[in-house]
Structure formats: C-alpha cells, structure tokens
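Engineer: the sequence and its predicted three-dimensional model are supplied below.
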There are 2 protein chains.
Amino acid sequence: MRSLTAPDPEAAVAFLKAELHRSLVQVVGLCEVRYQGRAQSSLSLGERLILLKPDGTLLVHTARKIKPVNWQPPGARFSAAVEEGRVVLTSQRGEPAELVRIALHETQALLALRLKDDEALSLVGTEADLGKLLVKHPHLVEPGFQVTGRERANGRGPMDLVGLDAKGVRVVVELKRRPAGLNDAEQLRRYVERERAAKGDVRGILLAPGVSDAARRYLQERGMEVREVDWDKVLPLLHQVLPAGQRTLDARFPPPDRGA
Amino acid sequence: MRSLTAPDPEAAVAFLKAELHRSLVQVVGLCEVRYQGRAQSSLSLGERLILLKPDGTLLVHTARKIKPVNWQPPGARFSAAVEEGRVVLTSQRGEPAELVRIALHETQALLALRLKDDEALSLVGTEADLGKLLVKHPHLVEPGFQVTGRERANGRGPMDLVGLDAKGVRVVVELKRRPAGLNDAEQLRRYVERERAAKGDVRGILLAPGVSDAARRYLQERGMEVREVDWDKVLPLLHQVLPAGQRTLDARFPPPDRGA
DNA sequence: AAATAAATATCGTGA
DNA sequence: TCACGATGTTTATTT
C-alpha cells in the first residue's frame, strides 16, 4: 500500500502514472469534474473522493448518497498530467465515446492498493432462485399446476415459467422477486398476448410478493391473474432446493428484527 | 483528515466509534461480508475497500467493476465492536429491514474525511431536457405539431407530451433519451390505449434516438409511430433553450474523438 | 454486436 | 407513504 499526503502536482502525477491501471488508486481532493458522452455534466469545485480501479472503473463520490456523482464503467483508459499547474485526471471510454475530466485544485491524499480477493458473492433470493423453487414446488403457483418450461423463448423475450393447470389449460407465469407494478403487468400481458395469438386459450399469472392496485386492475381487466408469494415463507424451501454451498445463511445469520 | 495504519482491533473500534456518522470513513482490510434483507448474500474472506458515509450509506468495493459487491443505501445506522478479537462493522436499515455485517480479519487502513462540498451536479441531456426542447421546437416531432400538455396524468402515469397534429388529431408522444426497446413501446401503448378508450382517435409516437426492430414492429402492428431524434443535432438547440448556467459545456469541452 | 430483462437496482416526483 | 418512471442506469444472458 503506497500513499502520499498533500503532494505537489508533479509528485501526484508521478504517483498516478506509476499506479493507474495497476493498483486501485484513491484520490482525495478539491476538484472540478466534467463529463461528456451519453449526456453532459459539470460539477463545480468541491472536495470529493475519487476511486480509479485497475479495470478502468472510475468513481467520484461525495459525502452523500450511494451513487457516485460522476463515474465511468469498466474499460476506461486513465491518464494524469499537470495542466496550468494543476493535476488533471482524464478517463476515456469508447462505445459510446465518453470522457470524464477531473481538475484537481488541491490534492489532499493519494492511496494505491493491491486488493487480493478471489471470492465471488453468493446471493440467494433472486428471481432465478424463485424460478428454481417453483419448478420443484409447482403447487406454490396453484394446486395442480405443472411446469412444462422455463425461460422459454417465444419471439418476444423469454417467459419465466410455462405450464399447465389442473384442467390442462396452458399457463404463462411471470415472476418478480419484488412487489410488482404496471410495467411488470405489461410484461406478462405481452407474453400472454403472444401465446394466445399462437395457441388459443392461455392463462396469465403474475407471481410476486405484492402487486400494486393499478397493476392488479390492469391485469384483471384483461383476464389475467395475480398470485402473491411471501419470501419469508418460501426461503426455507429455497434453501432446501439450492446446492449446499449456498445453504449457509439460514441459521447462523438470523434476519434482523422487523420490529425496528 | 484522520488516519490509522494497521491498527489493533481496539484502536480501530475507538476510531470508528468516534468517526462513524460524522466523517466519511474508509476501511481497507481483509474481511467477510454477510447481507440479509431484500435478499441474502455471503462473501468469503478477501481484501476490500469499505466506505461508510455520514448519511448512513455503505459501500463495499472490490478491485473490479463499478458496482459495490455489498452496499446499503442512505439511512443505515452503523456500529463497530470487537467480537472474538475481530473488528465487526454492522450496518442496519429499516423499511425494509436490512443488515450488513462485516467481520474484519485484518484492518490495514482507516481514514476519516470531512468533505466540504456544496455543489450540485449540472446535467444536460436528460429526457426532461428533450421535453423542454420539443415544447420550444414542436416541429421536431413533426411539421404542424402543437404541444398542448406535458407530463399530463392520465390515470396510468404521466404522458411525456400531448398535442395536436396538423389536422387537429390528438397525439401522445413518449420520449426516450436513449435507444428505445420493447418496454418503452409498451409504455406508449398503455397511454395510447387509455386515451383512445376515453377520447377516440389518438395517434401515438415514440420519439427516441433509435428504436429496436422488435419495438418498431410492435408499434406498427398497433397503429403507432416512431420518430427518431439525433442528440448531436438537437444538442445545439437545447443549449439555446436551457438557462445560462447550464449552457457552458459546448465550446470549451468538445466531444471525444469518435474514431478512438 | 444488439437486444432483452433483472437488480438487494437507486433516485426523484407527485398524489 | 406509496407508486410510478427515469437513469450518463449496470450487468448478465442470449441471439
């Protein structure tokens, strides 16, 4: 880990040239930021924390909010130079062509890190997990439901779940891991419309932990249905369905107190 | 700016207790991370950079990608303690109840910053900007077009632009700042469907810098239209429409070379 | 490469 | 508070 405190512009640029695209570089300082690419932005003088990752990711963070005030996704090329006595950082990307330019009026700290990390995040509770669960426990959609396909291409994007109900009628199920709204209802409508045109009678079910009133009305008016799920109830089942490596969360890490 | 290098757990926790929710705190170290809330995740031992903002924002960054591997949006309550000889950081949020727990096996660096920043980002090129532009230059939608309303509620969310064409026929316009896809086409369809039910003949126009083939087909099959815009052509007009404070980007900060 | 949809999306606005 | 839609969304997946 290398660091500099309040370096002069020449020392800062030397540090940056040595570390950019090699280490995770952090810059703290008083700066102006300009962006041009998919849009254009300008940020006047203020103190910010800048991260430049070895993969060409740029983050400019202020003291508030989770989203960076300016950024560049992986793949940018960084460069540093002294211009008119100031350190200027530029980050350039192509496709689409985008440029971030940071003029440092004062460099308070520089830090270069080589983070050693080979681990991948293990995540449970995605829409894909919900799909896996319903394949194993189709009665959670409704009694007698039978899954015949998952993520089936139908010319308008994949449908989450396709099956037959107790009477043998075809069913398209759209899954959402979070409460569903109008957009989600429309997505189901699009799939159902397509299937009805191709194969006649088809039921449509939006399965989610909650559906907004407007979305519910929208679906009912068009002959589609809603089925609510409760994550708290299906999570234990999900842990049984998932491979062993992802089953480690339940006991040792109880959910936070909902009363708070 | 306060900092500690390789502190022992007690010193680290004392530092954290003094600075959390007051400064922007940065922690670099070897850690495990667990999350439980809207989903559940687990991340094994590795070196990461952790940011804890005074507003209760948590970011856990690895050396790659722009998105943090774990996070918590503003509003979390942070706490730090020594557990079994290790520094443990917890970040708790309610509504929905969520918890991130970080166990530090090694604390390599601690940094606390008070970033002074009163500036807001000035951004040009949003969908709202496109709307303002079309109000001033309605012929960009089509010759003879006349704007009668913006962001008008119609019971299913606001319509971007409402107006009359040269023949006096009602028109609903959906604006997109980026190339439009099926979702965007559906959104227009929803508005047009509603307006047609209420007021008879209504045209629908999706105005965007590009529309996917599937979306184009989807619209045409349902009697709606597409109008393409080119940001490079409308940006100069936009700069004339915007207030002076946002008009500073054009000349001094030319677009990056598209040839790269 | 383009398109399509998910995301622990986040964020702002308006009812 | 809730719902809805924009975002310089990012990201993974599939065609």
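Structural biologist: Cool, the structure landed.
Engineer: C-alpha only now, for contacts and for neighbours.
Structural biologist: Fine.
Engineer: what about stretch A:26-39 and DNA strand D, any contact?
Structural biologist: Yes - contact between stretch A:26-39 and DNA strand D, assessed by C-alpha under 7 Å from any atom of the strand, occurs at A:35, A:37-39.
Engineer: likewise for stretch A:227-239?
Structural biologist: No - Stretch A:227-239 is not in contact with DNA strand D by C-alpha under 7 Å from any atom of the strand; minimum separation 13.4 Å.
Engineer: that stretch: how far from the chain's middle?
Structural biologist: Remark: stretch A:227-239 is offset 22 Å from the chain centroid, using C-alpha atoms, centre = their mean, to the nearest Å.
Engineer: can you list contacts of that stretch?
Structural biologist: A:125, A:129-130, A:133, A:141, A:205-211, A:246-247, A:250 (C-alpha atoms under 8 Å, 6 or more residues apart in numbering or on different chains).
Engineer: could you flag which of the residues you listed are buried?
Structural biologist: Among those, those buried by neighbour count (16 or more other C-alpha atoms under 10 Å in any protein chain shown) are A:125, A:129-130, A:133, A:141, A:205-211, A:246-247.
Engineer: check those against chain B, which are close?
Structural biologist: Contacts with chain B within the buried ones among the contacts of stretch A:227-239, counted by C-alpha under 8 Å from any C-alpha of the partner chain: A:G125.
Engineer: flag the least confident of the buried ones among the contacts of stretch A:227-239.
Structural biologist: Sorting the buried ones among the contacts of stretch A:227-239 by pLDDT puts A:R247 at the bottom of the list (49).
Engineer: in stretch A:79-96, what's buried?
Structural biologist: Under 16+ other C-alpha under 10 Å, the buried positions of stretch A:79-96 are A:79-82, A:86-94.
Engineer: same list (the residues you listed) but as TSV, adding pLDDT.
Structural biologist: Output for the buried residues of stretch A:79-96, formatted as TSV (pLDDT from 0 to 100):
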residue	pLDDT
A:S79	98
A:A80	98
A:A81	98
A:V82	98
A:R86	98
A:V87	98
A:V88	98
A:L89	98
A:T90	98
A:S91	98
A:Q92	97
A:R93	96
A:G94	90
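Engineer: what is the most widely separated pair among the residues you listed?
Structural biologist: Greatest spacing in the buried residues of stretch A:79-96, by C-alpha to C-alpha: A:R86 and A:G94 (25.9 Å).
Engineer: next SSE downstream of the top strand by length along chain A?
Structural biologist: Longest among the strand segments of chain A by residue count, using DSSP state E, is strand A:98-113. Downstream of strand A:98-113, the first helix or strand assigned by DSSP states H and E is strand A:122-124.
Engineer: and chain B, which of the buried residues of stretch A:79-96 reach it?
Structural biologist: With C-alpha under 8 Å from any C-alpha as the criterion, the buried residues of stretch A:79-96 include A:G94 near chain B.
Engineer: if we can go back for a sec, what's the closest of the buried ones among the contacts of stretch A:227-239 to B:K199?
Structural biologist: For those, the minimum distance to B:K199 (C-alpha to C-alpha) is 28.5 Å, reached by A:V211.
Engineer: now that closest one. Nearest residue, chain neighbours left out?
Structural biologist: A:A180 (4.7 Å; C-alpha to C-alpha, 6 or more residues apart in numbering or on different chains).
Engineer: that neighbour and A:R216 touch, don't they?
Structural biologist: No - in terms of C-alpha atoms under 8 Å, A:A180 does not count as a neighbour of A:R216; the distance is 9.2 Å.
Engineer: ok, now how distant is whichever residue of chain A sits closest to DNA strand D from A:R34?
Structural biologist: The minimum distance from chain A to DNA strand D, using C-alpha to the nearest atom of the strand, falls at A:N70 (3.3 Å). According to C-alpha to C-alpha, to the nearest Å, A:N70 and A:R34 sit 8 Å apart.
Engineer: now do A:L43
Structural biologist: For A:L43 relative to A:R34 (C-alpha to C-alpha), the value is 6 Å.
Engineer: and these two? which has more neighbours close in?
Structural biologist: In this view A:L43 and A:R34 are compared by other C-alpha atoms under 10 Å in any protein chain shown, and A:R34 has more residues nearby, 21 against 18.
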